[in-house]
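Q: quick one, what's the 3D model for this:
(one chain, ligands or ions: 1)
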Amino acid sequence: MSDTILWYATRGAGVVSLVLLTVVVVLGITSAMRWKTPAWPRFLTAGFHRNLALITLVFLAIHIVTAVVDPFTALGLNAALIPFSSSYRTFWLGLGVIALYLLIAIVITSLLRPFLDYASWRLIHWFAYAMWPIALVHGFGTGTDRSFSWMLGIDGLCVIVVVLAVLWRTSRPSPTSWRALPASESMNRSVSR
Ligand code: HEM
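A: Residues are numbered from 1 along each chain as shown. Predicted coordinates for the structure are as follows:
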């Protein structure tokens, strides 16, 4: 594959990953808020949230593999596995690796959710609030396209929707907090998850 194709693939897949992650975070918040309408039942939000997170991993794999094998950056595998080990844009790439590990932890614990207690799963899921801004800063810090107006527009839109979703989430008591759950559901969660 030519260097140019790899370079475009890294950039394109990075932008798509960020946009998908943004939608995943918003759908997660929507799910936690138990939002639904007659035309949009809650299982649709939950299903979308889960499937989109898995699709994001595919785009991230393309983003990372093309970056690693691109002879121009000559990153090497370690740069994608060990945070801050890359000689190329050490800090910004290190943030990308940390965001990746947080995302992997969130996805794995979600796939294993039936075997975990609810509190542990939820604690790790809260890392999403750290993972998303770290990924955003990584892309903003290192991206070739970061100062183009279309990229600034995408970054700005992502920030606006996540901030609005978080404000909505914090503006009212969470329907999924221990206090808000009916006693029977709290009990089920602590026993069976
Ligand atoms: C959650 C994880 C990650 C997300 C959401 C993400 C997203 C992004 C975004 C949005 C950009 C900017 C693209 C552009 O300006 O066109 C970018 C750039 C870049 N990312 Fe990531 N990234 C992640 C993890 C990683 C990891 C683990 C690596 C390690 C190899 C990596 C390597 C790079 C490189 C080399 C660039 C610069 C590409 C260029 O020259 O424009 N990323 N990333």
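
Q: near the ligand, which residues of the protein are found?
A: 10-11, 14-15, 17-18, 21, 60, 63-64, 67-68, 73, 75, 79-80, 93, 96-97, 99-100, 103, 135, 138-139, 142-146, 151 (CB under 6 Å from any ligand atom). (Glycine included, C-beta is placed from N, CA and C.)

Q: so the residue nearest the centre of the chain is in which element?
A: The chain has Leu21 as the residue nearest its centroid, 4.1 Å off, counting by CA atoms, centre = their mean. Using DSSP states H and E, Leu21 sits in helix 3-32.

Q: just the buried residues of that helix, please?
A: By neighbour count with 16 or more other CB atoms under 10 Å, helix 3-32 contains the buried residues 6-7, 9-11, 13-32.

Q: just stretch 137-149 next, same as before
A: Buried-residue list, stretch 137-149, by 16+ other CB under 10 Å: 137-140, 142-143.

Q: now this structure against the ligand: closest residue?
A: Gly143 (2.2 Å; CB to the nearest ligand atom).

Q: how about that residue, what does it touch?
A: Applying CB atoms under 8 Å, 6 or more residues apart in numbering to Gly143 gives the contacts 11, 14-15, 151.

Q: which two of those have the greatest separation?
A: Taking CB to CB, the two most distant members of those are Gly14 and Met151; they sit 10.2 Å apart.

Q: can you pull the contacts of the residue nearest to the centre of the chain?
A: Applying CB under 8 Å, 6+ apart to Leu21 gives the contacts 56, 103, 131-132, 135.

Q: same question, Ala53
A: 24, 103, 106-107, 110.

Q: which element, helix or strand, includes it?
A: Secondary structure (DSSP H and E) places Ala53 in helix 42-69.

Q: buried sites along that helix?
A: For helix 42-69, the neighbour count (16+ other CB under 10 Å) marks 45, 48-50, 53, 56, 59-60, 62-68 as buried.

Q: stretch 119-135 too?
A: For stretch 119-135, a neighbour-count test (16+ other CB under 10 Å) marks 121-122, 124-125, 127-128, 131-132, 134-135 as buried.

Q: likewise for stretch 31-42?
A: In stretch 31-42, counting by 16+ other CB under 10 Å, buried: 31-33.

Q: what of stretch 154-168?
A: 154-155, 158, 162, 165.

Q: list the contacts of it.
A: Residues from elsewhere that reach stretch 154-168 (CB under 8 Å, 6+ apart): 15, 18-19, 22, 25-26, 29-30, 33, 129, 132, 136, 139-140, 146.

Q: from the chain's centre, how far out does it sit?
A: Relative to its chain's centre, stretch 154-168 lies at 14 Å (CA atoms, centre = their mean, to the nearest Å).

Q: mean confidence score for that stretch?
A: The average pLDDT within stretch 154-168 is 98.

Q: just the CA atoms of that stretch, as PDB, please.
A: C-alpha atoms of stretch 154-168 as PDB (Å, rounded to 0.1, in the frame of the first residue of the first chain):
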ATOM      1  CA  ILE A 154     -16.200  18.300  13.600                       C
ATOM      2  CA  ASP A 155     -14.300  18.700  16.900                       C
ATOM      3  CA  GLY A 156     -16.500  21.600  17.900                       C
ATOM      4  CA  LEU A 157     -19.700  19.700  17.200                       C
ATOM      5  CA  CYS A 158     -18.400  16.700  19.100                       C
ATOM      6  CA  VAL A 159     -17.600  18.900  22.100                       C
ATOM      7  CA  ILE A 160     -21.000  20.600  22.000                       C
ATOM      8  CA  VAL A 161     -23.100  17.400  21.800                       C
ATOM      9  CA  VAL A 162     -21.100  15.700  24.600                       C
ATOM     10  CA  VAL A 163     -21.200  18.800  26.900                       C
ATOM     11  CA  LEU A 164     -25.000  19.100  26.300                       C
ATOM     12  CA  ALA A 165     -25.500  15.400  27.000                       C
ATOM     13  CA  VAL A 166     -23.400  15.600  30.200                       C
ATOM     14  CA  LEU A 167     -25.300  18.700  31.400                       C
ATOM     15  CA  TRP A 168     -28.600  16.800  30.800                       C
END
